[in-house]
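>>> no sequence for this one, just the structure:
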């Protein structure tokens, strides 16, 4: 089927609309019964999968936090590759920690990533800010900071510190 | 009905994080997905796509060395049967507007922000499998219609020639 609007034929842009048959329709035929819905049993299976991985992930987090601490000296010495590695680990934590029951660690990691993303080069990264973030993650994971209100306050303080540092750096050129 | 569809479904998972791959394949297994292929970056994912021709793709956005955006752009250049309209679910830790708009402009079918929850992944899968949007092809864009709802329009018709296939 083709419809043409003569008023716009001069400025015509070739546009095609393609009907995409659903995968469900392809597999079950056009008469398949009703729309697909969330099946609570399958959701429960998925939740169990996550619970099964949570314990192992806690150990991984410990190793990753240790790894972040070890990178600090190299970053202080101006190593761009150490900075990239730190960002990769923090980015991984930002994406995974929340899924495995560590939402505050995910938020600290997000703040750390945001700080690195907003800083032009590794030489301009403030080692103290990096260290504060990693210590906050360590405290949260070890349960030393198991109060959500305190963790949130720590996060807000870090975010304020980042803003102030970036502003001061801009003023200083 | 749902389980029958998942059982015969083939999915390609592309993520450079081993943990994320384990999580996603675990969740897909829990749904009963029959065939799962994995790749560790965009280039490997493109090769796996060409080899296995999966029916659905789940890709991370920020992979190294080749990211999910580049991979998805290449997928949308493929013009062969059902592969041309394969649903792509992009998972990203970046939820800023620029990243979401970039994904949309590349022709991503569904966008999922991290952290991934079982419900959000399940919902995106059902949307991609059972409620695909029609595709739009222009000289500069190929992907799902960006409009998710059909709202009536009463203004003047300004659209140029359209071919409906």
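That came in fine, so what should we check first? For clarity, every value in this text was computed on a predicted model and none was experimentally measured.
>>> Nearest to chain B within chain A, name that residue for me.
residue A:98 (3.0 Å; C-beta to the nearest C-beta). (Glycine included, C-beta is placed from N, CA and C.)
>>> Tell me how far the residue nearest to that residue when sequence neighbours are not counted lies from residue B:19.
Spatial nearest neighbour of residue A:98, chain neighbours left out: residue B:115 (3.0 Å); criterion: C-beta to C-beta, 6 or more residues apart in numbering or on different chains. The span separating residue B:115 from residue B:19 equals 12 Å under the rule C-beta to C-beta, to the nearest Å.
>>> now stretch A:130-141: how far from the chain's centre is it?
For stretch A:130-141, the distance between its averaged C-alpha position and the chain's averaged C-alpha position is 17 Å (C-alpha atoms, centre = their mean, to the nearest Å).
>>> what residue ranges in chain A are flagged as low confidence?
A:1-13, A:31, A:33, A:120-123, A:144-146, A:173 (pLDDT under 70).
>>> try 50
A:1-2, A:4 (pLDDT under 50).
>>> Which parts of it are strands?
Taking DSSP state E as the test, the strands found in chain A are A:2-3, A:15-18.
>>> In contact with the residue of chain B found nearest chain A, which residues?
Scanning chain B for the residue nearest chain A gives residue B:115, at 3.0 Å (criterion: C-beta to the nearest C-beta). Taking C-beta atoms under 8 Å, 6 or more residues apart in numbering or on different chains, we find residue B:115 in contact with A:95, A:96, A:97, A:98, A:99, A:103, A:106.
>>> just checking, which of these belong to helices?
Taking DSSP state H as the definition of helices, the contacts of residue B:115 contribute A:95, A:96, A:103, A:106.
>>> Name the SS class of the residue of chain B closest to chain A, please.
Of the three states, residue B:115 takes coil according to DSSP: H, G, I helix; E, B strand; the rest coil.
>>> Got the confidence number for it?
Listed pLDDT for residue B:115 reads 87.
>>> Distance of it relative to residue B:48?
The gap separating residue B:115 from residue B:48 is 25 Å, by C-beta to C-beta.
>>> ditto for residue B:5
If you go by C-beta to C-beta, the gap between residue B:5 and residue B:48 works out to 22 Å.
>>> any weak-confidence spans in chain B?
By pLDDT under 50, chain B contains no weakly predicted segment.
>>> In contact with the spatially most central residue of it: list those residues for me.
Ranked by distance to the mean C-alpha position of chain B (C-alpha atoms, centre = their mean), the top residue is residue B:88 at 0.9 Å. Listed by C-beta under 8 Å, 6+ apart, the contact partners of residue B:88 are B:57, B:58, B:59, B:72, B:75, B:107, B:108, B:109, B:110.
>>> pretty sure the first one is in contact with residue B:75, am I right?
Yes - with contact defined as C-beta atoms under 8 Å, residue B:57 and residue B:75 form a contacting pair (6.8 Å).
>>> quick one: common contacting residues for the two?
The overlap between the contact sets of residue B:57 and residue B:75 (C-beta under 8 Å, 6+ apart) consists of B:49, B:86, B:88.
>>> Just put those residues in CSV and tack on distance to residue A:138 and secondary structure.
Converted to CSV, the shared contacts of residue B:57 and residue B:75 look like this (distance: C-beta to C-beta, whole Å; DSSP: H, G, I helix; E, B strand; the rest coil):
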residue, distance to residue A:138, secondary structure
B:49, 40, helix
B:86, 42, coil
B:88, 37, strand
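>>> Perfect, I'm done here.
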